[in-house]
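Enquirer: how would this look folded up:
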Amino acid sequence: MFESLKKKFSETVGKITEKVSSTPESRVEEDGPDEKAPEPVIEEKPEEEVGTEEAEEISSDAEDAHEGEGGSGFLSFFREKRITEKDVDDVLWDLEMALLESDVALEVAEKITTELKEELVGRKVKRSTEISEYTVEALKKAVEDVLSVDGVDLQELVEKKKPLVIMFVGINGTGKTTTIAKVARYFMKKGLEPVIAAADTFRAGAIEQIGQHADKLGVRLISHRKGADPAAVAFDAVSHAKAQGKDVVLIDTAGRMQTNVNLMDEMAKIKRIVKPDLIVFVGDALTGNDAIEQAAKFDEAVGIDAVILTKADADARGGAALSIGYMIKKPIIFMGTGQGYDDMMEFRPQWMVEQLFT
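Expert: Numbers count the residues shown, from 1 in each chain. Below is the predicted model:
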């Protein structure tokens, strides 16, 4: 998962470390004379006390120490230096291009590289290991800043509201129906009783598909005939939940393209009728920037509160996962990691940071 992003960040750390360590300026003392290290005092010894064998040993130890810093000359230096823009500009440009190739949104790529530059330029370092450590920490901070969007606490919501009404939106083919079944399973494992509303009355087979999931999970399905008013289905599901003391209502909706005006009008009507507590956009992580564009359109039309990304287990690029929350200012709450009902994980920014830097 996210192998491409992980590789690009690792390469950036290596490039910056090599560039800073190998530039001639790295051996120039930039501080004033007061900070200059005192000249070492060497005690002279009689020539006979320093044999050839000992001299070879000393030379070998020095080489070992030097190798210990990384194995070659550019990987260690003894005087403090200050990282300059010249040291990092080319590398950060390469990083920005690499992020764009991984479907990271341009605004996000620019934010990461800008923050990294601000953290590094002007920093004093004495050893190559410090450069590597500083760069990793600066990258982690930049990624965390991008991922840090005010979250949605489902547990808190479900404790405050009964039934908690969640409306799912998204285009066809993203795995929305299966995701609703996974979310039902998630609440059932917490001892809660969900109800599913088959409000996608447009697509042939949609009612049957969500019905099969409901049967397998043992969840009550509220449905009407194909072509019925989706808002009426959602209203009946909420009424049933209230009457029967159910905890959660999960509303499936039609999944036409985000540019379809009729679809957006339909979503708006469902929202107006049942007043959902949460509107969740379900997007395919593999579609990268398309998922971001879709989420933005749905947000504009009905106002989404959170995101679930599907197929994250097959996503090597990671662009959508890294970008979508920052671009639409809505948190990712779950990521789909397989086809089973339990193959869904709660999303935590720190988890993704660990995935990218371990």
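Enquirer: Walking through the chain, point out its strands one by one.
Expert: Assigned by DSSP state E, the strands in the chain fall at 81-82, 124-125, 164-169, 194-198, 220-222, 248-252, 278-284, 306-310, 332-336, 344-346.
Enquirer: residues in contact with the second one?
Expert: By Cβ atoms under 8 Å, 6 or more residues apart in numbering, the residues outside strand 124-125 that reach it are 20, 30, 80-83, 131, 134. In short, each C-beta sits where N, CA and C put it, glycine included.
Enquirer: cool, and the fifth one?
Expert: When contacts are defined by Cβ under 8 Å, 6+ apart, strand 220-222 is touched by residues 195-198, 210-211, 214-215, 233, 236-237, 240, 244, 246.
Enquirer: run the last query once more with 10 Å
Expert: 193-199, 207, 210-215, 233-241, 244, 246, 249, 251-252 (Cβ atoms under 10 Å, 6 or more residues apart in numbering).
Enquirer: can you list the strands of the chain in JSON lines and add distance to Thr12 and mean neighbour count?
Expert: Output for those, formatted as JSON lines (distance: least, Cβ to Cβ, whole Å; neighbours: other Cβ atoms under 10 Å):
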{"stretch": "strand 81-82", "distance to Thr12": "19", "mean neighbour count": "19"}
{"stretch": "strand 124-125", "distance to Thr12": "16", "mean neighbour count": "16"}
{"stretch": "strand 164-169", "distance to Thr12": "36", "mean neighbour count": "24"}
{"stretch": "strand 194-198", "distance to Thr12": "44", "mean neighbour count": "27"}
{"stretch": "strand 220-222", "distance to Thr12": "50", "mean neighbour count": "18"}
{"stretch": "strand 248-252", "distance to Thr12": "42", "mean neighbour count": "28"}
{"stretch": "strand 278-284", "distance to Thr12": "27", "mean neighbour count": "25"}
{"stretch": "strand 306-310", "distance to Thr12": "24", "mean neighbour count": "26"}
{"stretch": "strand 332-336", "distance to Thr12": "24", "mean neighbour count": "23"}
{"stretch": "strand 344-346", "distance to Thr12": "27", "mean neighbour count": "17"}
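Enquirer: which stretch among these comes nearest Asp153?
Expert: For Asp153, the closest of the strands of the chain is strand 332-336, at 9.5 Å, according to Cβ to Cβ.
Enquirer: ok, what's across the strand from Ile279?
Expert: When assigned by DSSP bridges, Ile279 has beta-bridge partners Met167.
Enquirer: Report the residue spans of the stretch 51-200 of the chain with pLDDT below the cut-off.
Expert: Residues of the stretch 51-200 of the chain meeting the criterion pLDDT under 70: 51-79.
Enquirer: okay, now the domains of the protein?
Expert: Domains of the chain are assigned by the TED database as 1-17+79-148, 154-346.
Enquirer: Nearest to Gln355, out of those domains?
Expert: Between those, domain 1-17+79-148 lies closest to Gln355; by Cβ to Cβ that is 5.6 Å.
Enquirer: Buried among the contacts of strand 124-125? Make that a ChimeraX selection.
Expert: Of the contacts of strand 124-125, the buried ones can be selected in ChimeraX as follows, counting by 16 or more other Cβ atoms under 10 Å:
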select :20,80,81,82,83,131,134
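Enquirer: Pick out the most distant pair among the contacts of strand 124-125.
Expert: So, the contacts of strand 124-125 by Cβ to Cβ: farthest apart are Glu30 and Tyr134, at 16.8 Å.
Enquirer: among the strands of the chain, which is nearest Met267?
Expert: strand 164-169 (5.8 Å).
Enquirer: CA atoms only for that closest one, dumped as PDB, please.
Expert: Taking C-alpha atoms only, strand 164-169 is exported to PDB below (Å, rounded to 0.1, in the frame of the first residue of the first chain):
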ATOM      1  CA  LEU A 164     -28.000   8.100  13.400                       C
ATOM      2  CA  VAL A 165     -28.800   8.700   9.700                       C
ATOM      3  CA  ILE A 166     -25.900   8.400   7.300                       C
ATOM      4  CA  MET A 167     -26.400   9.000   3.600                       C
ATOM      5  CA  PHE A 168     -23.800   7.600   1.100                       C
ATOM      6  CA  VAL A 169     -23.000   9.300  -2.200                       C
END
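Enquirer: Which strands and helices lie in contact with it?
Expert: Other elements packing on strand 164-169 under the criterion 3 or more Cβ pairs under 10 Å, 6 or more residues apart in numbering; DSSP states H and E are helix 154-160, helix 176-189, strand 194-198, helix 230-244, strand 248-252, helix 261-274, strand 278-284, helix 289-302.
Enquirer: That strand vs helix 261-274, what angle?
Expert: Relative orientation of strand 164-169 versus helix 261-274 (axes from the mean of the first three to the mean of the last three Cα atoms, to 10 degrees): 180 degrees.
Enquirer: How about the spatially most central residue of the chain, nearest residue that isn't a chain neighbour?
Expert: In the chain, the residue lying closest to the centroid (Cα atoms, centre = their mean) is Leu322, at 3.7 Å. What sits nearest to Leu322 in space, not counting adjacent residues and going by Cβ to Cβ, 6 or more residues apart in numbering, is Val104, at 5.5 Å.
Enquirer: Val158 touches Leu192, doesn't it?
Expert: Yes. Between Val158 and Leu192 there is a contact under Cβ atoms under 10 Å: 6.5 Å.
Enquirer: anything in contact with each of those two?
Expert: 164, 247-248.
Enquirer: Isn't Ser329 up against Asp299?
Expert: Careful, residue 329 is Lys; it's not Ser. Yes. Lys329 lies in contact with Asp299 (Cβ under 10 Å); the separation is 8.7 Å.
Enquirer: Please say which of the two ends up with more neighbours.
Expert: A direct count of neighbours by other Cβ atoms under 10 Å for Lys329 and Asp299 places Asp299 higher, at 20 against 9.
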